[in-house]
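**Student:** mind looking at a prediction? Sequence and model below.
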Amino acid sequence: MSQSAEESQWPQHEFDVAQDQAGSRLDVFLAEQLSPLSRSHLRRAIEAGRVHVDGQTVKASAVLRAGQHVTVGEIELPREGPEPQNIPLNIVYEDQYMVAVNKPAGMVVHPAKGHWHGTLASALAFHFSELSNIGGPTRPGIVHRLDRETSGVIVVAKSDQVHRALAAQFEARSVNKQYQAIVVGVPDRDRDMIRQPIGIHPHQRAKMAIRTEHDSSRSAETFFEVVERFDRFSLVSVHPKTGRTHQIRVHMLHIGCPVLCDRLYGGRAQISQGELLGGRSDPTIVLERLALHAQRLEIDHPVSGQRMVLAAELPDDLDAVIRLLRDGP
């Protein structure tokens, strides 16, 4: 997947800052608008003068106001792509324009520090000769993200034109995203909309947090509905209306029901059968990853415009936990 000189640059983009985006840092704003590009890469582009706000160069930490016009010039992309690896893919949909993959838990989406091999990007580079280059060679075809420990549907573009059409839908929030999560505790409502701004955690850089009036804060909305209640856990269907980093995990923690086995926000990364059922001493580990699955995406086909439903069945490990909870001690 070699690149020409023209393909090694991200094309120019222009954005107007919406009312609900006001107050965010420039680098945070761009990382969400241009999701295939990393925040650090965008920060370097800002420092190099490739980004203008109302015609002026500003710092990455500049706080944006509603109505401001942001212009992003051509950005040099990283040139070192993923090593193609023959990693099996669970493909839930494919045509000549796009692919939808059921990503397993534990698979990193694209190469990053400490994760150079075994990534989804490496698998895609092996299995497909044509993928979009918009995200640069390290992110071939990748339109959006899922956390490493989150399983489920992720869409991949086979051309730059298709990539832009798909990415525009995520930016416009016209994609309907549905997740299944097993959470600790029982919500006090059958369903609710959580509206709490999310920003960078004040003390731990790897985490996000509910934060108001901070330059990294962005409005965030998550609708949840309880599917099934157990003694000390719940199965919930979650529909994020916005796409903030760790949004579901932060919002469920906020209502006192962190996602099960969330090392970062729940304080533990695994659970035994005895702990799950309570009153038992069985030390058998039944889950050792985040109990979060991207089950369904509703999105318009990038060429035909037809509404599509892309779905991935609940994986065996989460299904087994739910069956144990149903059976009880």
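**Tutor:** Received it, and whenever you're ready, just let me know what you need. Numbering: from 1, shown residues only.
**Student:** make it CA atoms for all contacts and neighbour counts henceforth
**Tutor:** Fine.
**Student:** okay, now Gly267: neighbour count?
**Tutor:** Other residues lying near Gly267 total 11 when counted by other CA atoms under 10 Å.
**Student:** pLDDT on the host helix or strand of Ala320, on average?
**Tutor:** Take DSSP states H and E as the rule and Ala320 turns out to sit in helix 316-327. Taken as a whole, helix 316-327 has an average pLDDT of 95.
**Student:** what helices and strands are in contact with that helix?
**Tutor:** Applying 3 or more CA pairs under 8 Å, 6 or more residues apart in numbering; DSSP states H and E, we find helix 316-327 packed against helix 273-277, strand 285-287.
**Student:** pick the most deeply packed of those.
**Tutor:** Neighbour counts (mean count of other CA atoms under 10 Å) averaged over each of these peak at helix 273-277, with a mean of 19.
**Student:** that older thread, would you mind giving the helices and strands packed on helix 316-327 as TSV with distance to Glu225 added?
**Tutor:** Listed next are these as TSV, based on distance: least, CA to CA, whole Å:
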stretch	distance to Glu225
helix 273-277	22
strand 285-287	23
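**Student:** for Ala220, find the nearest of those.
**Tutor:** With CA to CA as the criterion, Ala220 lies closest to strand 285-287 of these, at 28.8 Å.
**Student:** mind listing residues that contact the closest one?
**Tutor:** For strand 285-287, contacts defined as CA atoms under 8 Å, 6 or more residues apart in numbering pick out Cys261, Gln270, Ile271, Ser272, Gln273, Asp317, Leu318, Ala320, Val321.
**Student:** could you look up the SS state of Ala45?
**Tutor:** Classification of Ala45 using DSSP: H, G, I helix; E, B strand; the rest coil returns helix.
**Student:** typed the wrong thing, it's Phe29
**Tutor:** helix.
**Student:** now for it: which residues touch it?
**Tutor:** Gln21.
**Student:** could you redo the last one with a cut-off of 6 Å?
**Tutor:** Residues near Phe29 by CA atoms under 6 Å, 6 or more residues apart in numbering: none.
**Student:** so how far is Lys241 from it?
**Tutor:** For Phe29, the distance to Lys241 (CA to CA, to the nearest Å) stands at 17 Å.
**Student:** related to what we said a few turns ago, ok, of the contacts of strand 285-287, which come out buried?
**Tutor:** For the contacts of strand 285-287, a burial check counting by 16 or more other CA atoms under 10 Å picks out Cys261, Gln270, Ile271, Ser272, Gln273, Leu318, Val321.
**Student:** between those, which sits nearest Thr212?
**Tutor:** Cys261 (27.1 Å).
**Student:** counting neighbours, what do you get for the nearest residue to that closest one once chain neighbours are set aside?
**Tutor:** Once flanking residues are discounted, Cys261 sits nearest to Ala269: 4.3 Å by CA to CA, 6 or more residues apart in numbering. Burial of Ala269 is recorded as 16 neighbouring residues (other CA under 10 Å).
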